[in-house]
Each structure stands twice: as C-alpha cells, then as structure tokens.
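Visitor: fold the following and give me the result.
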Amino acid sequence: MEEAMADSAAGPWRNYFLILLDRIPVPIAVCKARGEVLIANPAMAAEWGAAPGQLRGRNLLDLFQPRSQAQIDRLVDALRMGRRSRYPVGVRWRTGADGTEREGELTVDPVGDPSEDLPALLALLRVHEDAPPAPGREVASPVETRILALAAAGATTASIGGHLGLTVDGVNYHLTRLSRRWRVQGRTALVAKAYVLGVLAQGVWPPAPAETFE
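Guide: Residues are numbered from 1 along each chain as shown. Predicted coordinates:
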C-alpha cells in the first residue's frame, strides 16, 4: 500500500521534471552509469539531429569523443569507489544537423540512491561558442526539417509533437531555435525561409524535406 502511494505521488513530480527538462535550453541527459541514455531534453537531442525519444538506449560516447581518455578512466574509477563528486569531461563531436565539428565540456554528476553500486548520471553539456562556424548554407536538423514540413501543412504544435514524439515545449524549443538562427519571427516566416533555403521541397504536397526528392 505504501509503495503504491509513493508511486502515485512520484508520478506528478516526474511529469513536472520532464516538462522542466524540455524547457531548459542547455543540453541535458540522464544516463546509466555506463553512458546509456535514459532521458534527454530537446537541446541535447538537437546535437544528435534527433528527437529526444530517439536517444533512449544510445550511449553518450557514440556522439561525444573525450579529449582525454584519462578523464573517462578517472570518472569510472570514482564511480566504482562510490564517490559522488562532479566530473568535467572535455569532448568534441560532430552535430547531427550538418556535421559541424564542435567542442565543449560534459559535466557529469552521479545521482540517485547513495546505496546503489553504479548510480545514474546527470550529464550537462556546455558548448564552446567560439567553435568555428559551419561553412556553406544554413541548414536544419532532420527533426527541425520534419517540424517545418508539418508546420507548412498547417499542423498545430500539439499535432506536430504527437507525430514526432515531442512535447509541446519540445516543438516550441526547436521553432525558437530556428527563429534565432535564421533571424525571423513567426511560423509563417520560418516556413517561407525553409523554402528559400531549400530545406523543404518545392512544388510538392504535402510539404516534405527537400532531401526526400534529391
């Protein structure tokens, strides 16, 4: 009975946590001790060019390459010894959107029950903004492109989220990110610029990513 009451009480708090995670613009993921992703927010998923739900089960080291293996070894040893400090890991990676090479730092915090042998990890990514910009034309990630295609067809934010496995906040995060990158305001302007940049295919209905017709 007590366990059932605890689960029912935890439900709303878990939902609040997920909503808050979606709204945070900093890339964040909760992982198992060996790096397998349990939960990722839209900002983290954007670095992979994916929807947050598509990262579940992926390993952070599939994308992020440590600048020093010694930092990873130090983290593994600390977890085995039960230490619960914060561990910075310098990383480099290529974004899922256009293959841009970036650099930053993953800050890894062990979380969960102190009695656990291998705790879960909270990984927060700080991107070095002075990394060189990508050459060539502006592009959108696969998730952003699908959002734009659905928006061009007149889908609501909730409907877009339902199609792509995103929350409403997750869809709005991607739209806001595109607006800032492309320096336009409003969904209509975003769709128009997507056609101008060649992100969406010309002369087809329903709207679709241009790469589908290349």
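Visitor: show me the strands in the chain, by range?
Guide: Using DSSP state E, the strands found in the chain span residues 28-31, 37-40, 65-66, 87-94, 101-111, 120-127.
Visitor: other residues contacting the third one?
Guide: Read it as strand 65-66. For strand 65-66, the surrounding residues in contact (C-beta atoms under 8 Å, 6 or more residues apart in numbering) are I72, V89, G90, V91, R92, W93. Quick note: C-beta positions are derived from backbone N, CA and C, even for glycine.
Visitor: what lines up beside that strand in the sheet?
Guide: Here strand 65-66 is paired, per DSSP bridges, with strand 87-94 (antiparallel).
Visitor: T107: how many residues sit nearby?
Guide: Counted with other C-beta atoms under 10 Å, residues neighbouring T107 total 15.
Visitor: in the sheet, who's paired with it?
Guide: Judged by DSSP bridges, the bridge partners of T107 are P88, L124.
Visitor: in contact with it, which residues?
Guide: If you count contacts by C-beta under 8 Å, 6+ apart, T107 has them with R86, Y87, P88, V89, A123, L124, L125, R126.
Visitor: can you tell which of the strands of the chain is closest to L164?
Guide: Evaluated over those, closeness to L164 peaks at strand 37-40, with 14.2 Å, by C-beta to C-beta.
Visitor: mind listing what's buried in the closest one?
Guide: V37, I39, A40 (16 or more other C-beta atoms under 10 Å).
Visitor: please identify the buried residues of stretch 163-181?
Guide: 164, 166-167, 169-175, 177-179.
Visitor: ok, now stretch 15-32?
Guide: For stretch 15-32, a neighbour-count test (16+ other C-beta under 10 Å) marks L18, L21, D22, P27, I28, A29, V30, C31 as buried.
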